[in-house]
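Asks: just need the structure, nothing else, for what follows:
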Amino acid sequence: MSSLRTHDDTWDIRTSVGSTAVMVAAARAYETEQPDPLIRDPYAKLLVSKANAGVLWEAMLDPEIAARVQELDEESANHMQHMRGYQAVRTHFFDTYFLDAVTAGIRQVVILASGLDSRAYRLDWPAGTTVYELDQPEVLAFKLTTLAEHGVTPSADRREVAIDLRQDWPAALRAAGFDPNQRTAWLAEGLLMYLPAEAQDRLFTLISELSPPGSRVSAETAATQADERRQEMRARFKKVAETIGLEETPDIGELMYRDDHRADVTEWLNANGWRAHAQHSIEEMRRVGRLNQDLELPFDKAAFSDFVIGERL
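Replies: Prediction:
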């Protein structure tokens, strides 16, 4: 367990785990502005700019800075391009998951640790769809306030559940109107790596208890990149940031839990009343044409996440 994480730590949009939401939104903003974007998030750039988190990914929205990084360290630039592509592909995969779920008639959606996720605003939800967003109170308040101030309204019945997932979130979810007898589409995107192994098991146990047959769940699994490689790239990014004069980026690896005994999500679901399958993220990036061929990737499959989808039996 990282020394930066404690059992009762908390954060806003500019600190700790909260700051990772800004990086992900910056990647969505970048992809949205490409000539042929894989996904479109018209609110990502606004959220990033108002967060004022001062991280390198925010600066990557500036093409002049991106060009400067390319000049300083080609490998860092390739890695950044890979991460932007990864986030676009991840977003596209889970957007499609939700589209398939509502096409199948599901009208109750739960996004766990929603961060700056704007799906409740940008996706074309069928009438009668309710989207529950769970996250830290300050993170949810920032998103709601920022979008409301710019006249942005949800495209579904959006309901906030301001709670730490280490607390009794099922009770808070029910209090917000969640119906455990109604089929639900759950999403755990960018979450599992910030949970200890036992908390991951507990999360899926609670989801299972709240899910009648026909419910669906999708998740991004926790990858296990080698510490040596992570530290190497961390040192490169730090040097680039210092040269350009940017505030040092948070060390995302220090926010994650690295448990050797963490359960395989697909195997866990298949053993606990779900029918699940996984798509490896690199294969998905290759399939949709977003794999950066200039980046030398490790051959260790565990260094990259799986995207898992399960249906409750």
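
Asks: could you check how far the residue most central in space within the chain is from residue 151?
Replies: Central residue of the chain (Cα atoms, centre = their mean): residue 190, 3.1 Å from the mean position. In this view, residue 190 and residue 151 are 27 Å apart by Cβ to Cβ, to the nearest Å. Every residue, glycine included, has its C-beta placed from N, CA and C.

Asks: helix or strand for residue 94, which one?
Replies: Here residue 94 sits within helix 74-103, counting by DSSP states H and E.

Asks: and that helix, how far from the chain's centre?
Replies: How far helix 74-103 lies from its chain's middle: 10 Å, per Cα atoms, centre = their mean, to the nearest Å.

Asks: which residues are in contact with the helix or strand following that helix?
Replies: For helix 74-103, the following helix or strand on the C-terminal side (DSSP H and E) is strand 108-112. With contact meaning Cβ atoms under 8 Å, 6 or more residues apart in numbering, strand 108-112 is reached by 98, 101, 117, 119-120, 129-134, 156, 165, 173, 178-179, 182-189, 191, 203.

Asks: just the angle between strand 108-112 and helix 74-103, please?
Replies: Angle of strand 108-112 versus helix 74-103, following axes from the mean of the first three to the mean of the last three Cα atoms, to 10 degrees, is 160 degrees.

Asks: neighbours of the nearest residue to residue 129 once chain neighbours are set aside, how many?
Replies: Nearest residue to residue 129, sequence neighbours excluded (Cβ to Cβ, 6 or more residues apart in numbering): residue 156, at 4.4 Å. Residues near residue 156, counting by other Cβ atoms under 10 Å, number 20.

Asks: now swap in the one 4 residues further on and tell me
Replies: A total of 18 residues lie near residue 160 under the criterion other Cβ under 10 Å.

Asks: shouldn't residue 29 be within a strand?
Replies: No. If the criterion is DSSP: H, G, I helix; E, B strand; the rest coil, then residue 29 is helix and not within a strand.

Asks: look up how far residue 213 lies from it.
Replies: 38 Å.

Asks: and those two? which has more neighbours close in?
Replies: Comparing residue 29 with residue 213 by other Cβ under 10 Å, the one with more neighbours is residue 29, at 23 against 9.

Asks: confidence score at the more buried one?
Replies: Looking at residue 29, its pLDDT is 93.

Asks: isn't it up against residue 39?
Replies: No. Using Cβ atoms under 8 Å, residue 29 is not in contact with residue 39; the gap is 10.5 Å.

Asks: about what we covered before: got the buried residues for the helix holding residue 94?
Replies: 76-95, 97-98, 101-102 (16 or more other Cβ atoms under 10 Å).

Asks: cool, and stretch 151-170?
Replies: 152, 154-165, 169-170.

Asks: what sits up against it?
Replies: So stretch 151-170 is in contact with 7-8, 10, 43, 109, 112-113, 120-125, 128-137, 140-141, 144, 147, 172-173, 176-177, 191, 195, 199, 203, 206, 209-210, going by Cβ under 8 Å, 6+ apart.

Asks: distance from it to the middle of the chain?
Replies: Worked out by Cα atoms, centre = their mean, stretch 151-170 lies 15 Å from the chain centre.
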